[in-house]
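J.: Dropping a prediction and its sequence here:
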Amino acid sequence: MGNVKPVPDGYHTITPYIVVKGIDEALNFYQKAFDAEKIHVALMPDGKTVMHAEMQIGDSRIMMNDEWPQSNMLSPSSIGNSPVTLHLYVEDVDKIFQQAVDAGCQVGFPLEDTFWGDRYGLLIDPYGHKWSVATHKEDLTPEEMEKRSNEYFSRMGDHGEGN
């Protein structure tokens, strides 16, 4: 067998694994929205249900499978929400954000230049997954970050609304 790498080529130490209802459509959607590349699709014995699929966005892979209710594998669409956000750093956040909106994402948080030095926005895809998309614009010291954070939150109302 030779030397087998503990982390295979093309992967990082942590890889998101998501459950998607309508995975075939979703893979095509992610290609349009985020320039994803479909890497692999394996079907269950029924020949329809996707047991495992992988896509690549930039230098990172995301694994996924179809919903499988009998194994309690439900997508955000069926649950009604997801506590997880996939964070995507890109070269041109304005371009990718608009591309994703044009493909069918909803805006959860509009693009803005943030106090932590990123140009950032939040999207929700048609399958219920949340994507924060950003381009890093500034490297800040911890002191600069704390000062900007304090200024930002001092402008916030009691309910988290900007003044």
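T.: Ah, there it is. These numbers were taken from a predicted model, which means no experiment stands behind them. Numbering: from 1, shown residues only.

J.: Could you count how many residues lie near residue 45?
T.: For residue 45, the count of nearby residues is 7 (other CB atoms under 10 Å). Every C-beta, even on glycine, is put in place using the N, C-alpha and C of the backbone.

J.: Now do the SS call for it.
T.: Under DSSP: H, G, I helix; E, B strand; the rest coil, residue 45 falls in the coil class.

J.: show me where this protein has helices.
T.: Assigned by DSSP state H, the helices in the chain fall at 23-34, 76-79, 93-103, 142-154.

J.: Residue 110: which of those is closest?
T.: helix 93-103 (8.8 Å; CB to CB).

J.: Show me what that closest one is packed against.
T.: Where contact means 3 or more CB pairs under 8 Å, 6 or more residues apart in numbering; DSSP states H and E, helix 93-103 is packed against helix 23-34, strand 106-113, strand 118-124, strand 130-136.

J.: which of the ones you listed is buried the deepest?
T.: strand 118-124 (a mean of 21; mean count of other CB atoms under 10 Å).

J.: Quick check: beta-bridge partners of the most centrally placed residue in the chain?
T.: Centroid-nearest residue in the chain, with CA atoms, centre = their mean: residue 86, separated by 2.8 Å. The partner list for residue 86 in beta bridges (DSSP bridges) reads residue 131.

J.: surely it meets residue 127?
T.: No - at 11.6 Å, residue 86 does not count as touching residue 127 under the criterion of CB atoms under 8 Å.

J.: Which residues are in contact with residue 124?
T.: Residue 124 makes contact with 105-106, 108, 130-131, according to CB atoms under 8 Å, 6 or more residues apart in numbering.
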